[in-house]
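# I'd like to go over a predicted model; first the sequence, then the structure.
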Amino acid sequence: VREFLLHGRKKRNFRVVVCESGPSLKGHQMAKELSEGGIETTLISDSSAFAIIHAVNKVIIGTHTIMADGALRAPNGAHQLALAAEHFSVPVIVCAPLYKLSPTHLCSYDQ
């Protein structure tokens, strides 16, 4: 997601709201790197996502894996963020490289 946003910065200006992504707090590092890349960045706690989601145009999340049935193994807070986005009709975009596509299902009995 970071590389996607930094690449997009070359063509247009935009602002980004980054969730902390607790308990690992990887959002802090991402917010710092985006800010250093020239993107106006706001860092919020995961629990604040619902309160601010009405003010965003789209939600972009990363994922650990995209399963064969379309299910995601996503970082903490992604489900909460997706539900908030659905409530306010904000589109959700999953940004992932091709190597994260998995040929298996999350709950496959053949495994």
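Now that the structure is in, tell me what you want to look at.

# which residue would you name as the spatial centre of the protein?
Using CA atoms, centre = their mean, the residue of the chain that lies closest to the mean C-alpha position is Ile61, 1.7 Å off.

# residues in contact with it?
Counting by CB atoms under 8 Å, 6 or more residues apart in numbering, Ile61 touches 1, 74-75, 78, 81-82, 92-95. In short, each C-beta sits where N, CA and C put it, glycine included.

# now swap in Leu5 and tell me
Leu5 neighbours (CB under 8 Å, 6+ apart): 16, 34, 37, 39, 60.

# ok so it is a strand residue?
No: going by DSSP: H, G, I helix; E, B strand; the rest coil, the assignment for Leu5 is helix, not a strand.

# please report phi then psi for the residue nearest to the centre of the chain.
phi -120, psi 160 (degrees, to the nearest 10).

# could you list everything it pairs with in the sheet?
The partner list for Ile61 in beta bridges (DSSP bridges) reads Val94.

# how near is it to Ala31?
Applying CB to CB, to the nearest Å, the value for Ile61 to Ala31 is 15 Å.

# ok, now Leu81?
Using CB to CB, Leu81 is found at 15 Å from Ala31.

# low-confidence bits of this protein, can you list those?
106-111 (pLDDT under 70).

# strands of that one, residue ranges please.
15-19, 40-44, 59-61, 65-66, 72-73, 92-94 (DSSP state E).

# follow-up on the earlier one: filter the contacts of Ile61 to the buried ones?
Among these, those classed as buried by 16 or more other CB atoms under 10 Å are 1, 74-75, 78, 81-82, 94.

# before I go, just wanted to say thanks for your time.
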